[in-house]
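Asks: coords below, sequence missing:
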């Protein structure tokens, strides 16, 4: 399906409008002079852990844990171990997630290819 220039422009304007609305909405809902509601503070504490947990489950949902099928889920286990160790060592999420991801990609593209 080929879109005309006006259709592309309309779609871009809609996306820009929605993006702008989503960016300004927190400032409208929670003005600077008012205290932050307790449920927002609670969600700020628990959601990061819930999101990381969901990402781990999503990433590992198709891993076959079988002793009969090589590579025996070794790339995943090695990358998870390195991610955890990096995080315990440096306490830096970007470093641990990035390092584990890069290691996993190297493992599956070279060693376990």
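Replies: Yep, that arrived. This structure is a prediction, so every number in the text was calculated from the model and none was measured.

Asks: how near is residue 69 to residue 5?
Replies: 51 Å (Cβ to Cβ, to the nearest Å). Every C-beta, even on glycine, is put in place using the N, C-alpha and C of the backbone.

Asks: which regions of the chain lie under the pLDDT threshold?
Replies: Within the chain, no stretch falls below the threshold (pLDDT under 70).

Asks: could you pull out the helices for it?
Replies: With helices called from DSSP state H, the chain shows them at 5-29, 38-60, 74-90, 93-106.

Asks: Out of those, the one nearest residue 112 is which?
Replies: Residue 112 sits nearest to helix 74-90 of all these, at 5.1 Å, using Cβ to Cβ.

Asks: Now do the buried residues in the closest one.
Replies: Under the neighbour-count criterion of 16 or more other Cβ atoms under 10 Å, helix 74-90 has 75, 76, 78, 79, 80, 82, 83, 86, 87 buried.

Asks: Ok, stretch 52-63 next?
Replies: Within stretch 52-63, no residue counts as buried by 16+ other Cβ under 10 Å.
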